[in-house]
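Chemist: sequence plus the predicted model coming up.
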Amino acid sequence: AEKIAVELSKMPSLSLPQLYSSDVTPEGIVRQLSEQNGQCGLFSSEGGEVFSNLTGRYSKGLPNYDVLLKGYSGDTIRVDRADSKRDPITIRNPSISGVLCVQPCVVRDVVSSTKLRDRGLIGRFQWVMPPNLVGSRKIVVANVPDHVRQNYEINVTRLLELACSNLGQEKHSIQLSREA
């Protein structure tokens, strides 16, 4: 039993798969990258919280967005802290993906920041500004046909199975058509 306990103690700890984060700090992104084989998804229907956190919401106004800069370019991230109880974190080839839906006021604040622009963060996002439809929307919701819903569920399940079966192996890219 002791021999098995020693062997188990040498094995790396496993983390549950985490598909995405939304209200996350830069340190949380680093933790997720280290636990998820260098991959992180930032998805939010109100993505302003991500920008607030990156620009100092919890750090007395001191911005910390190097993790996004490195996650975009795939540069190695190494985090060492003075706390000797924590081991350094090294993430090779990090990959951060995301879709953040934000209000126009958030976009104005972000793009007007000289710090974010000068460091290159703003240029690493694809910005999309749909027309403002306030007051002119006709809300007609059609039911999703059963075959479309079933195909969607099958394909999302396949993507999740692919991601889980390749932990620690090569990363995959998804190519979208122009219509997508």
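Modeler: Okay, I see it.
Chemist: could you pull out the strands for the protein?
Modeler: Ranges of strands in the chain, per DSSP state E, are 39-44, 77-79, 89-91, 95-100.
Chemist: tell me how far the nearest residue to Tyr58 once chain neighbours are set aside lies from Arg158.
Modeler: Of all residues not flanking Tyr58 in the chain, Thr25 sits nearest, at 5.9 Å (Cβ to Cβ, 6 or more residues apart in numbering). (Glycine included, C-beta is placed from N, CA and C.) Thr25 sits 32 Å away from Arg158, going by Cβ to Cβ, to the nearest Å.
Chemist: which one's more surrounded, those two?
Modeler: Thr25 (19 against 10; other Cβ atoms under 10 Å).
Chemist: could you report the separation of that one from Asn132?
Modeler: Going from Thr25 to Asn132 by Cβ to Cβ gives 31 Å.
Chemist: and for Glu179?
Modeler: 25 Å.
Chemist: looking at the chain, which helix is longest?
Modeler: In the chain, with assignment by DSSP state H, the single longest helix is helix 146-165.
Chemist: for that one, what is the average pLDDT?
Modeler: Across helix 146-165, the average pLDDT comes to 84.
Chemist: quick one: buried residues of the helix or strand of the chain at the bottom of the mean pLDDT ranking?
Modeler: Here the helix or strand of the chain ranked lowest by mean pLDDT, DSSP states H and E is helix 2-10, holding a mean of 80. Judged by neighbour count (16 or more other Cβ atoms under 10 Å), helix 2-10 contains no buried residues.
Chemist: distance from the chain centre to that helix, please.
Modeler: On the basis of Cα atoms, centre = their mean, to the nearest Å, helix 2-10 sits 35 Å off its chain's mean C-alpha point.
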